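S.K.: I'll drop the sequence and a predicted model, then ask my questions.
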Amino acid sequence: MSLESLKFAGETTKQIITLATGVSTLTLTFAEKFKPASSTLSVPFTLKLSWGVFGLAVLFGVITLMAITGSIMKRKAMQR
């Protein structure tokens, strides 16, 4: 894998982390707006599941960025 492709993979991973964080933040912020005025807020199971999946996407994205950084550093060390 070339150095350039590792950089592209890193950028794509950053975009996935940003999207997952943004969607989670929006749904958490506006969840109260979607309930009737007289009822308490009850979060559906599917929404809780999606928050968990977005959290996993962020976690695995950070792990991927660390792995890409390690690969780039190894390549640079081998070139010296």
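M.R.: Everything's here; your move. This is a predicted model, so every value here is computed, not measured.

S.K.: What is the longest helix that the chain contains packed up against?
M.R.: Assignment by DSSP state H gives helix 45-79 as the longest helix of the chain. Counting by 3 or more CB pairs under 8 Å, 6 or more residues apart in numbering; DSSP states H and E, the packing neighbours recorded for helix 45-79 are helix 3-30. (C-beta placed from N, C-alpha, C; glycine too.)

S.K.: Can you list the buried residues in the helix it packs on?
M.R.: Residues 6, 9, 10, 13, 17, 20, 24 are the ones in helix 3-30 that count as buried (16 or more other CB atoms under 10 Å).

S.K.: quick one, what contacts the nearest residue to the fifth one once chain neighbours are set aside?
M.R.: Leaving aside its chain neighbours, residue 17 sits nearest to residue 61 (4.1 Å; criterion: CB to CB, 6 or more residues apart in numbering). For residue 61, the residues meeting the contact criterion (CB atoms under 8 Å, 6 or more residues apart in numbering) are 13, 14, 16, 17, 20.

S.K.: give the contact list for the third one.
M.R.: Which is residue 16. Per CB under 8 Å, 6+ apart, neighbours of residue 16: 57, 61.

S.K.: Show the model's pLDDT score for it.
M.R.: pLDDT for residue 16: 96.

S.K.: What's the separation between it and residue 34?
M.R.: 26 Å (CB to CB, to the nearest Å).

S.K.: what does the last one give?
M.R.: Spatial separation of residue 20 from residue 34 under the definition CB to CB is 20 Å.

S.K.: Let's verify residue 38: helix, strand, or coil?
M.R.: Following DSSP: H, G, I helix; E, B strand; the rest coil, residue 38 is assigned to coil.
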